[in-house]
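> Sequence and predicted structure are below.
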Amino acid sequence: MANKSRMLDPVIHEPARLTIITILRYVEAAEFPFLLRETGLTNGNLVSHMRRMEMAGYVSVTKTFKGRRPCTTYRLTPLGVKRYDEYRAAVRSLVNRARSLMRRTGSSSGSTHPSIEAVH
């Protein structure tokens, strides 16, 4: 069996980046102010997280002007879409494995194994 600690992509798993990439997965593109507003991050934090995802090849950046104002737009790359979908599948797999373990041990509100405790 594969090393389970490697199932969750660390680039995506960081909470702020998970929020950003989830938003980008379901919109065609997002401008910087939109992501800033939706994530609640500071300018510097958002820039840092976007740079990390761009370096990983998950996000593309387009810098243009709207009139005289700079406009930065972000999109998921095909690799970013693939990695996000893989991440979601890995989380789903972990949840299913935990549910299966709970059923096998008969755990619901109390555990039949001293090292297993159900979480509700």
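Structure's in. What do you need?
> mind listing what the residue nearest the centre of the chain touches?
By CA atoms, centre = their mean, the mean C-alpha position of the chain lies nearest to Leu18, the distance being 2.6 Å. Counting by CB atoms under 8 Å, 6 or more residues apart in numbering, Leu18 makes contact with Ile12. Where you see a C-beta, it was placed from the backbone N, CA and C, and this is true even at glycine.
> and it, what pLDDT?
Turning to Leu18, the model gives it a pLDDT of 97.
> how about the strands of this structure, start to end?
30-31, 59-66, 69-76 (DSSP state E).
> pretty sure Val91 is in contact with Leu8, am I right?
Yes - Val91 is within contact range of Leu8, at 7.1 Å (criterion: CB atoms under 8 Å).
> Ignoring the adjacent residues along the chain, who's closest to Ile12?
Tyr87 (4.7 Å; CB to CB, 6 or more residues apart in numbering).
> give the contact list for that neighbour.
Neighbouring residues of Tyr87 by CB under 8 Å, 6+ apart: 8-9, 12-13.
> just the buried members of those?
When the contacts of Tyr87 are checked for burial by 16 or more other CB atoms under 10 Å, the buried set is 9, 12.
> from the contacts of Tyr87, which is closest to Arg52?
Nearest to Arg52 out of those is Ile12 (CB to CB; 10.3 Å).
> Ala30 pairs with what?
Taking DSSP bridges as the rule, Ala30 bridges to Tyr74.
> May I have the predicted confidence score for it?
Reported pLDDT for Ala30: 98.
> count of residues packed around it?
Using other CB atoms under 10 Å, Ala30 is surrounded by 20 other residues.
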